[in-house]
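Student: Quick one, what's the 3D model for this:
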Amino acid sequence: MLGSIGQKARNFSRWVGSQVVESDFGPGDQRARDYAVLGAAAGAVTGATIGAVKGFDSQASNSIDEVWVERDIKHPSMNGYRHYTTPDYRTTCKTDYNGDETCTTEIEGWWHHYSPNINNRIVGNFQEPTFRNSNFLEPLMGGILGAVAGGALGIAAGLGANALQRTLEEKSGKAPAQPVRLEPKAQEKLTERTGTAAIVGTVAGAGLGAFIGAKAGSIELGAQEVHTRSWQIPVTQTETLGHVPSSHYEWNWSGFPLPLGGNRAATEPVNRQVPVYDRSGSPTMTFTEETFKTNRYGPVFGGLAGGVIGAGVGLAAGVAFGLTDKLLTEKSALDQAKKEKADQTKDLSRNVA
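Tutor: Next comes the predicted model:
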């Protein structure tokens, strides 16, 4: 049983590696693809690392600011409704005796949707408290932003390096280097190494990311502030502003390309919260109370989110390792081929002499 599990693991590693190493690109596109992917992977790993470090620095100097925000009191009213349809297509395919497939797409029907037109009239305002972090950056956000920015810059750098190399080759009069055909066994080993690196990188990255995320969550929880505030809010009640037709499906019985069943009776009520007014016509206010906790997340969420982010970064690290291994292996094989060709030329010269 262990042997079977091991074989499945090796097969999975080869499959993962084949997605990185093998492709159907042409010679020039293959090199550009390798450089771009390598640059993106390396940039993502570097960016995520720098972003996480900067996130911890920002988290350490973070402070909580209490800000009272002004909110409008709105009285909604309904002014008709909008009707729109979503076509439902059906595609059928037939294969003839020659094996040629012919597909036709027809409209099966339409979904009818109705949306009320709501206008909001401002009838007053009030203030409510919010608690904001002075620094938005923290380790999880830093890791994500760093990975995205690093990956984008890495792609640009990889494509730029490939373009520069191609330009230098053209100026020197050298033909662009052709991809090396590795021996099947060497190719298989390279593919398996790459797959293993990707899997190990993903697992290790997930573990490291979970640890970092849990640590960041613990810091957030340790710096948490708890504040209880009371303030006035408007009193509201549910009112029916009007009616719209119910959403429904119309079969394309007639074969016409346009829907016909949009005219239906408006029977579905549109309910909204409407302010309650006092005798003077002003919105009625009442007190409310809420307890605010200022931490953005805790160890559990931080560990889970960090694990997901770390798995992606670890996968990128494994891909970068695999592509670096591929480029070095191909260079070694190319150097070996050049050496063998040079030796054959020397031997031929000696025999002629």
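Student: In the helix or strand hosting Tyr35, which residues are buried?
Tutor: If you go by DSSP states H and E, Tyr35 is part of helix 27-60. Residues 31-52, 54-56, 58-59 are the ones in helix 27-60 that count as buried (16 or more other CB atoms under 10 Å). Backbone N, C-alpha and C define where each C-beta goes, glycine included.
Student: Show me the shaky parts of the stretch 151-300 of the chain.
Tutor: Low-confidence segments of the stretch 151-300 of the chain (pLDDT under 70): 173-183, 186.
Student: Run through the helices of it in chain order.
Tutor: Here the stretch 151-300 of the chain has its helices, by DSSP state H, counting those that start in this stretch, at 184-222, 299-352.
Student: Next, Gly99: secondary structure please.
Tutor: coil (DSSP: H, G, I helix; E, B strand; the rest coil).
Student: quick one: pLDDT of it?
Tutor: Listed pLDDT for Gly99 reads 77.
Student: Next: Asn351.
Tutor: Looking at Asn351, its pLDDT is 63.
Student: so who does Glu101 touch?
Tutor: 93-95 (CB atoms under 8 Å, 6 or more residues apart in numbering).
Student: cool, and Glu138?
Tutor: Going by CB under 8 Å, 6+ apart, Glu138 touches 55, 58-59, 62, 216, 220, 296.
Student: out of the residues you listed, which one sits closest to Ser332?
Tutor: Gly55 (39.8 Å; CB to CB).
Student: Excluding chain neighbours, what is closest to the closest one?
Tutor: Of all residues not flanking Gly55 in the chain, Gly142 sits nearest, at 2.8 Å (CB to CB, 6 or more residues apart in numbering).
Student: in the helix or strand hosting that neighbour, what's buried?
Tutor: Take DSSP H and E as the rule and Gly142 turns out to sit in helix 139-172. For helix 139-172, a neighbour-count test (16+ other CB under 10 Å) marks 139-147, 149-151, 153-155, 157-159, 161-162 as buried.
Student: For Ile118, state which of the contacts of Glu138 is nearest.
Tutor: Lowest distance from Ile118 to the contacts of Glu138 (CB to CB) belongs to Arg296, with 33.0 Å.
Student: what about the residue nearest to that closest one when sequence neighbours are not counted, neighbour count?
Tutor: Nearest residue to Arg296, sequence neighbours excluded (CB to CB, 6+ apart): Glu220, at 5.6 Å. Per other CB atoms under 10 Å, the neighbour tally for Glu220 reads 23.
Student: mind listing what Glu220 touches?
Tutor: 59, 138, 295-298, 302.
Student: Apply 7 Å and report the result again.
Tutor: By CB atoms under 7 Å, 6 or more residues apart in numbering, the contact list for Glu220 reads 295-298.
Student: Distance check, the closest residue to Ala157 other than its chain neighbours against Tyr297.
Tutor: Computed as CB to CB, 6+ apart, the closest residue to Ala157 that is not its neighbour in sequence is Gly39, at 4.7 Å. Gly39 sits at a distance of 32 Å from Tyr297 (criterion: CB to CB, to the nearest Å).
Student: isn't Thr194 right up against Asp325?
Tutor: Yes. With contact taken as CB atoms under 7 Å, Thr194 and Asp325 are classed as touching, separated by 6.4 Å.
Student: May I have the beta-bridge partners of Pro87?
Tutor: Trp110 (DSSP bridges).
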